[in-house]
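> I'll drop the sequence and a predicted model, then ask my questions.
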Amino acid sequence: MVHSQVDMEEEARHFSNVITTFHEYQKYSLSANNRRRKDLYKLPKADQDLFVALGYREKLNLVDEAILKNAEFLEGIVSGPGIFDGEDDDEDAPEDDVEMNHEHACSDDDHSHSHAHTHPEHSHSHDAAHAHSHSHDGPSHGHGFHSPPPGQKYKPTEFDMDKLRSTLKQFVRDWSEEGLPERESCYTPMKDALLEHFKAKSGEEKANLRVLVPGAGLGRLAFDVANLGFHTQGNEFSHYMLLASYFILNRTSAPLSHSIYPYVHTFSNAYNKDTILREIKIPDVEVEIKNGTRFELVAGDFEEIYGQPENTADEVHAGQFDAILTCFFIDTAKNPLSYLRTLHRILAPGGVWINLGPLLWHFENNQTGDVSIELDLNEVKELCKTVGFDLSNEREIHTTYTSNSAAMLGYMYHAQFWTATKELKN
């Protein structure tokens, strides 16, 4: 897909703004914690003394220390060399056709973000901290990002910082021992279904089967599938996720080599200070594709990369994937019919689509004028059949999403699981 110079420049500005958000994490987060300290000193002296005796001031100091450690970790993610193309980390957007370790590559659609869909209402649920989010933070429409006048430094917003905080919690879900229960409830049934569908295939045959994981996030599901022996391609749109996944997949190998403190940003629903100050070590495994299987990550918008109309010069993906795994993904669609048509078209005959997730429609009640078609579960399944899928193995799986398991509050999704194949034509 060809993109204009204006699109490329906007993409570069957006990427620079994301990098700035990483750099500003320390200042922003320390300021937020210092607000608590200022509020303490606004109280009568007698009240202050009581809170200090409880250890509140010391807890604030410990949170400052944890924030500094998070900041060091985040700086490591955006410090060169190696961010996409190795360019200076706050000047240029990622270039096309960049080969990375584990075939962690940007495709020639890397700049295909013109359908970017980010807006503050993205999570639009009970609490953004507990809502699943794919951080669709692309540059178009200015959803969340508002570039400053020329010559002025970008100032990250609370929306930007929420994306970054969510990224820290995604590390827990995908790459920590603490995230194992969520991965077991979500990723394991999907991997089991994949192996069951291709149980007759030998190891050599599996290496030639192509598996797509849209909305790959920090890449653990795609990584696990590749380690099962399948040629795996992840697809991700968010720069936050792309930067973080590049770091974990290409610049990290030893287990438990990094420590993060993802829960220090809120004091709500904590049993004690340990709930807030939990140290999470990542990764929980050696980050290596042990069987030599091809593994790549394609950066860009799902529909722009894979959704080109048939019989056009840009359509190269029709029937190319033997399996597609969508985990907490289909509700990111503005038009779910478009997603389903794309999934059906790129799935190979005899292949399988494996889905797990809720229907938290990400553009419901958006304030940006984006189209949003929100269907109920019955409507989604009926539409799947209309498009040409034959659904089976339908069941409900209860799971959390980036939840702090040590806190007093957690949200449970009644996620829907199914496998689907293309209906055979008479």
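Sure thing, it's come through.
> relative to its centroid, which residue of this protein is most remote?
Relative to the centre of the chain, the most outlying C-alpha is that of Ala46, 46.5 Å out, by CA atoms, centre = their mean.
> got the buried residues for stretch 275-292?
Thr275, Ile276, Leu277, Arg278, Ile280, Ile282, Pro283, Asp284, Val287, Ile289 (16 or more other CB atoms under 10 Å). The way it works is simple: take the backbone N, C-alpha and C, and place the C-beta from them, glycine included.
> want to try JSON lines for these, with pLDDT as columns?
As requested, those are exported to JSON lines (pLDDT from 0 to 100):
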{"residue": "Thr275", "pLDDT": "97"}
{"residue": "Ile276", "pLDDT": "98"}
{"residue": "Leu277", "pLDDT": "98"}
{"residue": "Arg278", "pLDDT": "98"}
{"residue": "Ile280", "pLDDT": "98"}
{"residue": "Ile282", "pLDDT": "98"}
{"residue": "Pro283", "pLDDT": "98"}
{"residue": "Asp284", "pLDDT": "98"}
{"residue": "Val287", "pLDDT": "96"}
{"residue": "Ile289", "pLDDT": "93"}
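> Nearest to Ile397 among the residues you listed?
Distance to Ile397 across the buried residues of stretch 275-292 (CB to CB) is lowest for Asp284, with 21.7 Å.
> Please report how far that closest one lies from Val380.
For Asp284, the distance to Val380 equals 33 Å [CB to CB, to the nearest Å].
> what about the stretch 51-200 of the chain, any weak spots by pLDDT?
For the stretch 51-200 of the chain, applying pLDDT under 70 flags the ranges 81-151.
> cutoff 90 now
Low-confidence segments of the stretch 51-200 of the chain, defined by pLDDT under 90: 80-153.
> which residues in this protein form helices?
Secondary structure of the chain (DSSP state H): helices located at 5-41, 45-54, 56-78, 158-175, 180-197, 203-206, 220-227, 239-250, 273-276, 302-306, 336-346, 377-387.
> Turn those helices into TSV, including distance to Gly357.
Formatted as TSV, these follow (distance: least, CB to CB, whole Å):
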stretch	distance to Gly357
helix 5-41	25
helix 45-54	42
helix 56-78	27
helix 158-175	14
helix 180-197	8
helix 203-206	25
helix 220-227	12
helix 239-250	16
helix 273-276	27
helix 302-306	14
helix 336-346	12
helix 377-387	11
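> Thr368 is nearest to which of these?
helix 158-175 (12.5 Å).
> tell me the angle that closest one makes with helix 180-197.
The directions of helix 158-175 and helix 180-197 differ by 60 degrees, with axes from the mean of the first three to the mean of the last three CA atoms, to 10 degrees as the criterion.
> Tell me the buried residues in helix 158-175?
159-175.
> got it, and stretch 258-278?
For stretch 258-278, the neighbour count (16+ other CB under 10 Å) marks 258, 260-265, 267, 270, 275-278 as buried.
> can you tell which of the helices of the chain is closest to Ala406?
Of the helices of the chain, nearest to Ala406 by CB to CB is helix 273-276, at 4.9 Å.
> Leu243 contacts Thr21, doesn't it?
No. Look at Leu243 against Thr21 with CB atoms under 8 Å: they stay out of range, at 10.3 Å.
> who's more crowded, those two?
Taking neighbours as other CB atoms under 10 Å, Leu243 and Thr21 compare with Thr21 leading, 26 against 21.
> Distance check, the more buried one against Asn378.
From Thr21 to Asn378 the distance is 40 Å (CB to CB).
> What of Ser253?
From Ser253 to Asn378 the distance is 46 Å (CB to CB).
> ok, the residue nearest to Glu396 when sequence neighbours are not counted - contacts?
Nearest residue to Glu396 in three dimensions, chain neighbours excluded: His414, at 5.4 Å (CB to CB, 6 or more residues apart in numbering). For His414, the contact set (CB atoms under 8 Å, 6 or more residues apart in numbering) comprises Pro358, Glu396, Ile397, His398.
> Of these, just say which sits nearest to Pro349.
Ile397 (28.1 Å).
> Next, the contact list for the closest one, please.
Neighbour list for Ile397: Ser185, Cys186, Pro189, Leu356, His414, Ala415, Gln416, Phe417 [criterion: CB under 8 Å, 6+ apart].
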